[in-house]
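Undergrad: mind folding the following:
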Amino acid sequence: MHIVILVLVEVLIVIGLSRLVGLGFRSIKQPLVIGEIVAGIMLGPSLFGLVAPDLAVTLFPPETIPFLNVLSQVGLIFFMFLIGLELNPKYLSGQLEVAVLTSHVSILVPFSLGTLLAVILYPLVSNASVSFTAFTLFLGAAMSITAFPVLARIITEKNLQGTRLGTLALTCAAVDDVTAWCLLAVAIAVARTGNFAGAIPTIIASIVYIGLMLTAGRWFLKRLAKHYLRAGRLSQLLLAGIYMGVVASALITELIGIHLIFGAFLLGAAMPKNEDLVRELAVKTEDFVLIFLLPIFFAYSGLKTQIGLLNRPELWLLCALVLGVAIAGKYVGTYVAARVSGISKREASALGWLMNTRGLTELIVLNIGLELGVISPLIFTMLVIMALVTTFMTSPLLEWTYPKKLIRLDVIEPQSEADTSAVSETSPRPYRILVPVANPSTQKGLVQLAVALAQPAVGIALNYRYPAVVNPLSLIEFQEDYAFESTPVEADRLIAQRRHQLEELINTLEPPETRSCVHPIVRISSNVARETAQIATLEQVDLIVVGWHRPAFSSNRLGGRVGQMLTTAPVDVAVFIDKGKERLESLLVPYSANIHDDLALILALRLLINRDCMLQILQIVVNNTKEELSYELHTMMEQLPTSVRDRIEIKIVEAAEPIQAVIQASEAVDLTIAGTSRAWGIERQTLGRYTDQLAIQCRSSLLITRRYSQVTAHLASMLPEVSSQEQTLRS
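TA: Numbers count the residues shown, from 1 in each chain. A predicted model of the protein is given here:
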């Protein structure tokens, strides 16, 4: 019983630390799985055992290691099943001839370099009990592997799944995955029999079993899929049958003489790729595997990783050599093959860095090698470092080689076609409003306001210099790197679903004539505020109009992502707090003579020009001090058409408490537009936090404006003579 309690305590520590470190790595744009692997290493002799050796032995004594091993093996079996399940034939549909050449060269080159490296390493880090052939095959396989799951998630996160590069990378990685696993199976067979000749029966038995699974096995699994379609759900009985099949297939490959993981992978690959069945099966399986079992595997690997073994400069040089060979072999092999196939230099380079990622797949290979005694703890540690470094470097090098502005050119978005069709290359760029939409079903008012800012209502004739465009932006955020929903195929489905929801929202906007200027953008994102700012820069946005929401861990209405956008977005921002006022007949702008109130007034003038509404400018006298409109603002308003000027009222009131005066005035209007000013109880505090007194008490809907230092001329597209005054105002 004491052992069971100790194992449960270990599991508690492992899950907690892996989540914590994983989230830390996500914050620096790294896959969560890298943080979980690092967390496992931290629990081993490389850190915990070094800092507190007595406590480490107490918490992770040798007698508990077999229990962790059993749990980790179960986790691996079902994780490999998920990888096989995810291996969709759709990934093999893009540029297959180029992908087959590129992927096989990207295996051949590092495998060959790994063979040469084995000649150097074998006498230094191995012993006579291990055959040179087995050592060479394992080292070559370790150099050749590409982590398909990590690569697929990076492609999804970078929104590359709709690009030429992303499609080619997925096809290459899928082909690479199948080939590399076959190589590893041969290496295991050789390691267990001692020589290649002795491994031939194992290899033949493996081929026979693969053939049976892809014929009779697939036929039987299709029967299960038909039963699922009739039932309309994945019942517990059917799920139990599938899990029994996973374990049985794993046992068969272990008895054949390769390894448990191959049987599980093979069953997943043979499963019918019915979208609903795969999705439900993956969702039901992955949470327990990814949250509970897989971190135990990382901890088990970390307990065997001893960075302290690299205790001499020459050993670190050998580690650097291993790393250099792994990177050069994979990158150069991929780059050269891609260039020969006609791929551009930049895309070939980006493809090389993508194929260089190894991640968890590499760790699986290394654990098998260590378990079979083919590689020593020393070379195991070197290769773990190599796996971490090559995966860690993928995202930054990919972003450097293939930045988002090039991704935007590589993929044709529906809204891009609509935006650019009416505007020639020599025309001025359109006035553009970006509208982050978290929930299309509840944020019609937000998009409707953006349309009112962008386009004139029917019957209002304006000679616009160039068109205005509204881009509703919906970012789909994935919390888990390895969740099935973050696979490229599933991400495409979610993007199409979200785009359809946005199209339905657009079709409800009034008047119908303004809908033509609204073009949605849908993206995958790991950080909504950061991604919004990046898209605003790439799309040359003039204004971000974002809806208010209540943060999960704060009562501050301008906190969370809204606060991040107010603080960091490199363009003008307006936050809309919708109080359900559908009309837009009367506007209120409290004015306290600062740049944010200037933006509030300019946006109000834009609404006034576009809509047949009234504007009240509220100037409050406090202690006999009145904030006057600037000369430039006065001049700008004087140059407005008479029909617009007649609808402006400047009201001066005396009040000891300006905020209460604004709140009282807001009762008679539909929309109040106020700058982020201390006078209105809306100001930036420490750590980017904004106070929100007016946001809480305002009686009308409220638009809070924050002006960026490099101000946009928001009236330039409407009235050129007014625009010149706005340019003077901002200078």
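Undergrad: how far does stretch 140-154 stretch from start to finish?
TA: In stretch 140-154, first residue to last residue: 25 Å (Cα to Cα, to the nearest Å).
Undergrad: how far away from the center of its chain is that stretch?
TA: Computed by Cα atoms, centre = their mean, to the nearest Å, the chain-centroid distance of stretch 140-154 equals 18 Å.
Undergrad: OK, contacts around residue 588?
TA: Residues in contact with residue 588 (Cβ atoms under 8 Å, 6 or more residues apart in numbering) are 615, 616, 618, 662, 665, 666, 669, 671, 672, 673, 700. Every C-beta, even on glycine, is put in place using the N, C-alpha and C of the backbone.
Undergrad: please disregard the earlier target; I meant residue 280.
TA: Residue 280 makes contact with 233, 234 under the criterion Cβ under 8 Å, 6+ apart.
Undergrad: phi, psi for it please.
TA: Backbone torsions of residue 280, given as degrees, to the nearest 10, read phi -70, psi -40.
Undergrad: and residue 639, by the same measure?
TA: phi -90, psi 0.
Undergrad: number of nearby residues for it?
TA: Other residues within reach of residue 639, judged by other Cβ atoms under 10 Å, total 15.
Undergrad: roughly how far does it sit from residue 654?
TA: Residue 639 sits 30 Å away from residue 654, going by Cβ to Cβ, to the nearest Å.
Undergrad: any stretches of the protein with poor pLDDT?
TA: Along the chain, segments meeting pLDDT under 70 span 1, 93-94, 407-428, 457-466, 479-481, 549-559, 624-627, 684-691, 709-712, 716-731.
Undergrad: can you give me the strands in it?
TA: Using DSSP state E, the strands found in the chain span residues 431-436, 468-477, 521-525, 543-547, 572-577, 586-591, 614-622, 625-626, 648-654, 671-675, 701-706.
Undergrad: looking at those, which is closest to residue 277?
TA: strand 468-477 (22.5 Å; Cβ to Cβ).
Undergrad: of all the strands of the chain, which one comes closest to residue 352?
TA: strand 521-525 (22.9 Å).
Undergrad: for the strands of the chain, which one sits closest to residue 238?
TA: Residue 238 lies closest to strand 468-477 among the strands of the chain, at 29.7 Å (Cβ to Cβ).
Undergrad: elements contacting the closest one?
TA: If you count contacts as 3 or more Cβ pairs under 8 Å, 6 or more residues apart in numbering; DSSP states H and E, strand 468-477 packs onto strand 431-436, helix 444-454, helix 488-506, strand 521-525, helix 528-538.
Undergrad: just the ones you listed: most buried one?
TA: Counting by mean count of other Cβ atoms under 10 Å, strand 431-436 has the highest mean neighbour count of the helices and strands packed on strand 468-477, with a mean of 26.
Undergrad: for the closest residue to residue 546 other than its chain neighbours, name its beta-bridge partners.
TA: Nearest non-adjacent residue to residue 546, counting by Cβ to Cβ, 6 or more residues apart in numbering: residue 436, 5.0 Å away. Residue 436 has these beta-bridge partners by DSSP bridges: residue 473.
Undergrad: residue 548 versus residue 436, what's the distance?
TA: Counting by Cβ to Cβ - residue 436 and residue 548 are separated by 11 Å.
Undergrad: re the thing from before, how close does the residue nearest to residue 546 get to residue 545?
TA: Plainly put, residue 436 is 8 Å away from residue 545 if you go by Cβ to Cβ.
Undergrad: do the same with residue 195
TA: 70 Å.
Undergrad: got it, and residue 692?
TA: 18 Å.
Undergrad: and what of residue 467?
TA: Distance, residue 467 to residue 545, using Cβ to Cβ: 17 Å.
Undergrad: these two: which has the busier surroundings?
TA: Per other Cβ under 10 Å, whichever of residue 467 and residue 545 has more neighbours is residue 545, with 24 against 19.
Undergrad: sounds good, over and out.
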